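*Asks:* Let me see the structure of the following:
(2 chains)
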Amino acid sequence: MAFDEAKKDFNLIGTRPARPDGIDKVTGRAQFGADKAAPGQLHAAILRSPHAHALIKSIDTSAAEKAKGVKGIVTRADFATGLKGEMWNKLENVMAGEKALYDGHAIAAVAATSALAAKDALKLIKVDFEVLDHVTNVDESMKDGAPVIREGAAGPGTPEGMHPNVVGFYSSGHGDVDAGFADADLVIEDTFTTEATHQGYIEPHACLAQMGKDGKGEVWCCTQGHFNVAKVCGHLLGTEASQIRVTASEIGGGFGGKTEVFIEPVALALAKKTNRPVKLVMSRSEVFRASGPTASASMDIKIGMKKDGTMTAGRGVFRLQGGAFPGAPGTFTAMCAFAPYALENVSQEAYDVMTNRPKQAAYRAPGSPMAAFAVESVVDELCNQLGLDPIEVRLKNASREGSKASFGINWPRIGLVECLEAAKAHPHYSTAIPENGGRGVSCGFWFNHGGETAVSLALAEDGTVSLSVGTPDIGGSRASMCMMAAEELGIKYDDIRTTIADTATLGYNEISHGSRVTYASGLATIEAARDTIKKLCKRAAAKWGIDEDAVYWEDGFAKPSGPNAGEFEPMSLTKIASKMGATGGPIVGHYEATPEGAGVSFAVHIVDAEVDKETGSTSVGRYTVIQDAGKAIHPSYVEGQFQGGAAQGIGWALNEEYIYGEDGRLQNAGFLDYRIPVASDLPMIDTVIVEVPNPGHPYGVRGVGETSICPPLAAIANAVSNAAGVRMKSLPMSPPRILKALDEA
Amino acid sequence: MSQKHKIEVALWGGLKPFADGNDKVEVEAATTGQMLAAVIKKHPALEDHIEAGVSVAVNGRVIASSLTEPIPEGAEVVIIPQLKGG
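*Replies:* Numbering: from 1, shown residues only, chains lettered A, B, ... in the order given. Model (predicted):
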């Protein structure tokens, strides 16, 4: 879908009205996943593997079944059989089959009359494990002799002769890379690593489920995609998706981690077994051990540059571990790595590698941040050694409309050059670098997404509007949906209430992922409003006795389109709605489609950091985010997404990492030992919204939720490296790593 | 529906071995779905890859999954891995 020209004149778009969910959230009235309760509900707990890799020889639940308060226990035997492919992998992750594949893998679950009784009963379940050798490091997992996670898991195209833990491969590129390197004045080649990090959402996974013996079920849960929950639960429970109605609660953060399904099928299986509602809430430790962190990466980068800053060639090899299942986002890592640069010679390849870790999940622009870290570090080092300005070099080589992307397409209208120009002009860039500090710059790229979307917009007799969307509000989308509907209808923002409808109410809506909601649900909302306007004009035309084509809509009123249409007083939405029962019935606008015009987006970050060379600690002094939003519907939310991505990137760059012991067990499954940034770690994060309209959206919207986490790992690494005087090649740049790098320099 | 016309489809490098060493395939089609079906017919070894999920870029616009998008004559068409996000 392409729109001839993005709308430019707005009444509401670009303003900053109060968020519709604000009062509920500050007063505690908002219902999150764990807030839902049902009469007679049971509480569930999950027994998890203490081993990184083990055969499950037997499970004896007899003693636990007799424990006080216990009403039911489920194991793998209580789920569907005969699943294949993706759904088999999901079931295997939700409840282990023949093997425990990582520390924290679910083995069995208990429902009891209290949470304490359920947890106590877990201790009475006897599991006979045969412990196997394990591997948690991506490079080790690819080596001959590494323990095999699972034979036969490799996807199509995986090169023959590789270790069975390598389950996916991607390669692309163009030109003659070796000739490009030969043409360069300076070539730098190096290896970089990043560790797995968690999305760090504040609300743990939680759900309430009920299911009768007839197979009809209900689920209330915190999720980024309740339609997907219904689909997956249907497969895993052996019933139809339409028989499981899922309602999404308010969500306390997701960032990609709540695109996966972990506990809902377990709660449903227990509910089915006990014929009682079952509530299941993960502890923080369980969230770390058994939900999805991001992938970790090992990457080789080689780039050639001429003395004038022209990049002559780039090559990248990316190895990503995605836990004990296929699906690490190495393909995206490779595709995003050189996306900011118009290279004549480029090649990239990526390997998807399994290890004995929890299955990785998406985390804001999955795969892209680590790619930017590796590539942008080498670009920075080339600039340093050639004495070139890092923004000028990026401008010289920047991808722009019509240039060939590293992964093969010719770019449509994109806003990287505009972002770089805005960065160059920003006061931050011309301010002196603090003494003992360093400045880092980085570009970042993400695709964005459309996806299946259905929206319904219903008028009330008083002229107010109920808008039903199917994408959970993970970043302020209810406000932007209200704004877009109000803009089209010409009514007040406060006269519209947006609800996240359950799975029985709308057609299938893809997950709130891929920065798609403001783009796709927003487009659907605009089209549903336009559908409503057609119906309103038809009612006015009937009242006036003229052709409906002779009526147009403006600022909340139906109006005759000219003198030939007749002389009639404009008729307001409220007036038409007040008589709708007697003039043809309810007025409801719809839109159902898979919008395919999501616009890609680029960002540029500038960071100043200081490094204490005695302690190895880093402080981020100033931070500026410049990003192309296409069109900012509600600028405060857009700025919040920019700042949030930078804040999470600061954590990923400086402190956050999954630490595994020699025994393959996670050593830091809690916020005391897994340190996310707190307010005192963060500077004010300045933002600049660049608006290069996306022709695939009627207002020009591009997704903004993910691109903001693409540049920070690299920008901070460049700032820290320039401050410390030594190139940092491994994340996180925690004090011990910085001190080690300084010692080795 | 518009008439089928000749389209040159670019593949990502990793698909070359499954297209008899070619990085481009010429087919006749008018939509993304017709194009993918024609590519599979010409190179059956690509079926597993395409069925596993691919996206298609038409003149730089990435079409994540739709099989009904029209492909204009003379368009630049590239098959890329299927896109999604977090």
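*Asks:* what sits up against the helix or strand containing A:Ala179?
*Replies:* Assigning secondary structure by DSSP states H and E places A:Ala179 in helix A:177-182. Helix A:177-182 has contacts (C-beta atoms under 8 Å, 6 or more residues apart in numbering or on different chains) with A:187, A:302, A:304, A:312-315, A:343-347. No exception for glycine: its C-beta is placed from N, CA and C like everyone else's.
*Asks:* let's go with 6 Å and repeat that
*Replies:* With C-beta atoms under 6 Å, 6 or more residues apart in numbering or on different chains as the test, helix A:177-182 has contacts from A:187, A:304, A:312-313, A:315, A:345, A:347.
*Asks:* Where strands are concerned, which of the residues you listed count?
*Replies:* Per DSSP state E, strands hold the following members of these: A:187, A:304, A:312-313, A:315, A:347.
*Asks:* Just the element for A:Ala454, please.
*Replies:* For A:Ala454, the element it lies in under DSSP H and E is strand A:453-459.
*Asks:* That strand: partners in the sheet, and parallel or antiparallel?
*Replies:* strand A:465-469 (antiparallel), strand A:588-593 (antiparallel) (DSSP bridges).
*Asks:* mind listing the helices for chain B?
*Replies:* Remark: helices assigned in chain B by DSSP state H are B:32-42, B:47-51.
*Asks:* and chain B, which of its residues are near chain A?
*Replies:* B:10, B:12-14, B:48-49, B:57, B:60-61, B:63-64, B:66, B:69, B:76, B:78, B:81, B:83-86 (C-beta under 6 Å from any C-beta of the partner chain).
*Asks:* Throw together a ChimeraX command that grabs the buried residues out of those.
*Replies:* The buried residues among the residues of chain B next to chain A can be selected in ChimeraX (16 or more other C-beta atoms under 10 Å in any protein chain shown) with this line:
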select /B:10,12,13,14,49,57,60,61,63,64,66,69,76,78,81,83,84,85,86
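*Asks:* The residues of chain B next to chain A in strands, which ones?
*Replies:* Within the residues of chain B next to chain A, residues falling in strands by DSSP E are B:10, B:57, B:61, B:63, B:78, B:81.
*Asks:* how near is the last one to A:Gly256?
*Replies:* Between B:Pro81 and A:Gly256 the distance, using C-beta to C-beta, to the nearest Å, works out to 18 Å.
*Asks:* and if you look at A:Glu250?
*Replies:* A:Glu250 is 18 Å from A:Gly256, by C-beta to C-beta.
*Asks:* cool, A:Tyr201 as well?
*Replies:* A:Tyr201 is 9 Å from A:Gly256, where distance means C-beta to C-beta.
*Asks:* More neighbours: those two, which one.
*Replies:* Between A:Tyr201 and A:Gly256, counted using other C-beta atoms under 10 Å in any protein chain shown, the more crowded position is A:Gly256 (29 against 19).
*Asks:* Identify the residues contacting that one.
*Replies:* When contacts are counted by C-beta under 6 Å, 6+ apart, A:Gly256 touches A:361-364, B:86.
*Asks:* out of these, who has the most neighbours?
*Replies:* Counting neighbours by other C-beta under 10 Å, B:Gly86 comes out on top of those with 32 neighbours.
*Asks:* what's the closest non-adjacent residue to that one?
*Replies:* Spatial nearest neighbour of B:Gly86, chain neighbours left out: A:Gly256 (2.5 Å); criterion: C-beta to C-beta, 6 or more residues apart in numbering or on different chains.
*Asks:* So for that neighbour, what's the pLDDT?
*Replies:* For A:Gly256, the pLDDT comes out at 96.
*Asks:* which one of the helices of chain B is the most hemmed in?
*Replies:* Comparing the helices of chain B by mean neighbour count (mean count of other C-beta atoms under 10 Å in any protein chain shown), helix B:32-42 ranks first with a mean of 19.
*Asks:* That helix vs strand B:77-81, what angle?
*Replies:* On the basis of axes from the mean of the first three to the mean of the last three C-alpha atoms, to 10 degrees, helix B:32-42 is oriented at 80 degrees to strand B:77-81.
*Asks:* Going by contacts, tell me the helices and strands next to helix B:32-42.
*Replies:* Judged by 3 or more C-beta pairs under 6 Å, 6 or more residues apart in numbering or on different chains; DSSP states H and E, helix B:32-42 is in contact with strand B:24-29, helix B:47-51.
*Asks:* got a list of what residue 47 touches?
*Replies:* Just going to use chain A. By C-beta under 6 Å, 6+ apart, the contact list for A:Leu47 reads A:107-108, A:122, A:125.
*Asks:* think we crossed wires, I meant chain B
*Replies:* B:Ile40.
*Asks:* Where among the helices of chain B is average confidence lowest?
*Replies:* For the helices of chain B, the weakest mean pLDDT is recorded on helix B:47-51, namely a mean of 93.
*Asks:* before we move on, back to that, may I see the strands paired with strand A:453-459 organised as JSON lines, with mean neighbour count, mean pLDDT and distance to A:Val94 added?
*Replies:* Compiled in JSON lines, the strands paired with strand A:453-459 are given as follows (neighbours: other C-beta atoms under 10 Å in any protein chain shown; pLDDT from 0 to 100; distance: least, C-beta to C-beta, whole Å):
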{"stretch": "strand A:465-469", "mean neighbour count": "23", "mean pLDDT": "98", "distance to A:Val94": "28"}
{"stretch": "strand A:588-593", "mean neighbour count": "19", "mean pLDDT": "97", "distance to A:Val94": "30"}
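*Asks:* Can you add distance to A:Lys143 and give the ones you listed back as TSV?
*Replies:* What follows is the strands paired with strand A:453-459, written out as TSV (distance: least, C-beta to C-beta, whole Å):
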stretch	distance to A:Lys143
strand A:465-469	48
strand A:588-593	48
